[in-house]
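Chemist: next one to model:
(2 chains)
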Amino acid sequence: MTHVLLVLPLLIPLTTAAVSLLAWRGIALQRVLAVAGAAALLCAGVALLAYVWKNGICTTQAGAWPVPFGITLVADLFSALMVVLAGVVGLAVVVFSLGSIDRGRDAFGYYPLVHSLLLGVCGAFLTGDLFNLYVWFEVMLMSSFVLLALGGERPQLHGGIKYVTLNLVSSAVFLAAVAMLYGLTGTLNMADLARKLAGIQQPALVSAVGMLFLIAFGIKAAVFPLFFWLPASYHTPPGAVSALFAGLLTKVGVYALIRVFTLIFVGEMSFTHLLILVLSGLTMVTGVLGAMAQQEFRRVLSFHIISQIGYMTMGLGLAGLAESPAMASLALAGSIFYIAHHIIVKTNLFLVSSVARRLCGTFELKQQGGLYQAYPFLAVLFLVPAMSLAGLPPLSGFFAKLSLVQAGLGAGQYAIVATALLVSLLTMFSMTKIWAEAFWKALPEPSAPEASPQRLSTKPWLTLVLPIGALATLTIAIGLGAEAVFTLAMRAAQQLIHREEYIQAVLGGPT
Amino acid sequence: MSTLLAIVVGCLYAAGVYMMLRRSLFKLILGLVFLSHGANLLIFTVGGLTRGRPPVVPPGATGLAVPSADPLPQALILTAIVIGFAVLAFSLALFHRGYQTFGSDDPDDLKVSDQ
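Modeler: Now for the predicted structure:
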């Protein structure tokens, strides 16, 4: 039974993508399949999470090869939670795409690509093998390359070239790091690596390899000096695609960072995790300052992704520097909570920006306006995720930030706490900027005829608002039921901190 | 042998980075190719070089002769080469389309999406 649950999150998107490709000309069929596949993925994710919650970490060996020779699939609470979130984002974006993706993209395999992207993302969450992680990354990247460039508009090509280049560099660094690690230990199974690295008496070399991983995953996660591809590319594809990217891609990088730096590289934490903490602070500040300088809806949001990534890695850094395991768990739980909250909120904000674009004909904030007057309901749906992003109680972002700040104070890292609080104030500022420009002020005199607001016809209206409403409801639900979500995050964090549990679940051995 | 390969890997990385810093999309792609080949050779070298001892159990024996070559790095490299090939094919198509659209091979001329 556990085998099936572990494989389903991979099998469902794979089958959906393959069948959709076979039905190349049947776009209506592709749409039905895409929605059904995403819904099934979400169900499979929830079932996996429930199973792991009840029975602890579950593993399976591909092809029944004995560990550590085959590829291991592992789901602990953290990865199961991430699969659920991937399902949520996948479903919301696919439904949103029904009403917003143009015929041309529809006809050239948009839906199969979305599902192969989800396949790569879920694979990266569930694998227990470092080289396999590289392969899943490539599956995900390849789909994202095509999704980003599909349509071939000028900005898309420009953003695509930068995105492809930097991600390929990151893959090369990742591969080199994997090679060094294999040379050091002779294994690629993550649990086996964790066990064997403890016996390697070359701390400098191990730390150097750790830094290679930090660079490789740092590029994917858009951490401070390595984030340039993100604001250059995320605002170029159609709204649904950028919502999908914003929700999932960088978070796979953060997931990989957390996995590797809680399981494998835990020898020199006073160095590695301090570096991560410093980078987190810089990431937050540069991200939010970049956002304040922007005047385009999606670019503001793109820079906010960067600043939010800082919060997620902040928990990881604090966990390494904390004195007691309880404190470390609290910090990591903050990170996990933050990731869950961020994925939902960010996807939602990008979806709202896409609707605003449809209504005003542009993403430029200066030329938008009057949305509150025309669509007060939509304005509320923007306000919920926006205030959650800034961390206003009782929304989800408040509790995520609260636990991070508590952990920071507990670890005595006052500088990072001050940075985090200041940055959330600035986040608030730039969210109110969007509110004031796009929603509150009157619509400026249209300079071009196509810039005048259009009424939406009823049919796409529902597919556009339904996912936004659902995600906003989820944000409020996480905020109101924060205790339940936090318990989940806490248990996931404890599994990460007590890594023996993971190692034992994969390798077996003495209990 | 591994010293020689280490130098080759180093040269590939250096050449790759140099090519990526040139002002040309085509050289950028060449740089990426060098980087990925460098990484492949690195896996090969770091995995340990054993000549003339294939990992095949001889007839009558119960296990591998020690030392024998490690087949895993080659499997990894094969996978990485296939992936690298696909990615390269895609990026060539993308960069070519970019060249056609912008009419320039200089990355600095592609100024539309972030001024």
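
Chemist: switch to C-alpha atoms for all contacts and neighbour counts from now on
Modeler: OK.

Chemist: can you list contacts of stretch A:135-149?
Modeler: A:110, A:113-114, A:116-121, A:123-124, A:156-157, A:160, A:163-164, A:167, A:171, A:236-237, A:241, A:245, B:83, B:87, B:94 (Cα atoms under 8 Å, 6 or more residues apart in numbering or on different chains).

Chemist: just checking, which of these belong to helices?
Modeler: A:110, A:113-114, A:116-121, A:123-124, A:156-157, A:160, A:163-164, A:167, A:171, A:241, A:245, B:83, B:87, B:94 (DSSP state H).

Chemist: report back the residue of chain B that's furthest from centre.
Modeler: Residue farthest from the centre of chain B, counting by Cα atoms, centre = their mean, is B:Gly60 at 39.5 Å.

Chemist: what about stretch A:198-213, near chain B?
Modeler: No. Against chain B, stretch A:198-213 shows no contacts by Cα under 8 Å from any Cα of the partner chain, the least distance being 12.5 Å.

Chemist: keeping just the C-alphas, turn that stretch into PDB.
Modeler: Output of stretch A:198-213 as PDB, limited to C-alpha atoms (Å, rounded to 0.1, in the frame of the first residue of the first chain):
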ATOM      1  CA  ALA A 198      30.100  11.400   9.600                       C
ATOM      2  CA  GLY A 199      33.100   9.100   9.200                       C
ATOM      3  CA  ILE A 200      35.000  11.300   6.700                       C
ATOM      4  CA  GLN A 201      37.800  13.100   8.400                       C
ATOM      5  CA  GLN A 202      38.100  16.000   5.900                       C
ATOM      6  CA  PRO A 203      35.900  18.700   7.200                       C
ATOM      7  CA  ALA A 204      37.200  21.400   4.800                       C
ATOM      8  CA  LEU A 205      36.500  19.300   1.800                       C
ATOM      9  CA  VAL A 206      33.000  18.400   3.000                       C
ATOM     10  CA  SER A 207      32.300  22.000   3.700                       C
ATOM     11  CA  ALA A 208      33.500  23.000   0.200                       C
ATOM     12  CA  VAL A 209      31.100  20.400  -1.300                       C
ATOM     13  CA  GLY A 210      28.400  21.800   0.900                       C
ATOM     14  CA  MET A 211      29.100  25.300  -0.500                       C
ATOM     15  CA  LEU A 212      28.700  23.900  -4.000                       C
ATOM     16  CA  PHE A 213      25.300  22.600  -3.100                       C
END
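
Chemist: before we move on, the earlier item: helix, strand or coil for the residue farthest from the centre of chain B?
Modeler: coil (DSSP: H, G, I helix; E, B strand; the rest coil).

Chemist: quick check, pLDDT for it.
Modeler: Looking at B:Gly60, its pLDDT reads 82.

Chemist: ok, the one 4 residues further on next?
Modeler: B:Leu64 is assigned a pLDDT of 78 by the prediction.

Chemist: leaving out chain neighbours, which residue sits closest to it?
Modeler: B:Val57 (5.0 Å; Cα to Cα, 6 or more residues apart in numbering or on different chains).

Chemist: so the one you found sits right up against B:Pro67, yeah?
Modeler: No. B:Val57 is beyond contact range of B:Pro67, at 12.0 Å (criterion: Cα atoms under 8 Å).

Chemist: show me what from the stretch 351-500 of chain A comes close to chain B.
Modeler: Counting by Cα under 8 Å from any Cα, no residue of the stretch 351-500 of chain A is near chain B.

Chemist: the closest residue to A:Trp65 other than its chain neighbours: how many residues sit nearby?
Modeler: Nearest in space to A:Trp65, with sequence neighbours left out and distances taken as Cα to Cα, 6+ apart, is A:Ile71 at 7.8 Å. Using other Cα atoms under 10 Å in any protein chain shown, A:Ile71 has 22 neighbouring residues.

Chemist: what do you get for the one 10 residues further on?
Modeler: The burial count assigned to A:Leu81 is 24, neighbours taken as other Cα under 10 Å.

Chemist: and if you look at the one 4 residues further on?
Modeler: Neighbours of A:Leu85 under the rule other Cα under 10 Å: 23.

Chemist: could you give the mean pLDDT of the one helix or strand it maps to?
Modeler: Take DSSP states H and E as the rule and A:Leu85 turns out to sit in helix A:77-100. Averaging pLDDT along helix A:77-100 yields 92.

Chemist: which helices and strands does it pack with?
Modeler: Applying 3 or more Cα pairs under 8 Å, 6 or more residues apart in numbering or on different chains; DSSP states H and E, one finds that helix A:77-100 contacts helix A:27-55, helix A:110-126, helix A:239-263, helix A:325-360, helix A:458-480, helix A:482-497.

Chemist: and the ones you listed, which one averages the lowest pLDDT?
Modeler: Taking the mean pLDDT of the helices and strands packed on helix A:77-100, helix A:458-480 comes last: a mean of 83.

Chemist: off-centre distance for stretch A:401-416?
Modeler: 23 Å (Cα atoms, centre = their mean, to the nearest Å).

Chemist: show me the contact partners of stretch A:38-57.
Modeler: A:5-6, A:8-9, A:12-13, A:58, A:74-77, A:80-81, A:83-88, A:90-91, A:94, A:115, A:501-502, A:505.

Chemist: likewise stretch A:191-203?
Modeler: A:68, A:128, A:184-185, A:187, A:206, A:263-265, A:267-268, A:502-503, A:506-507.

Chemist: cutoff 10 Å now
Modeler: A:67-68, A:72, A:128-130, A:181-182, A:184-190, A:206, A:209, A:260, A:262-268, A:499-507 (Cα atoms under 10 Å, 6 or more residues apart in numbering or on different chains).

Chemist: tilt between the helix holding A:Leu85 and helix A:325-360?
Modeler: 0 degrees (axes from the mean of the first three to the mean of the last three Cα atoms, to 10 degrees).
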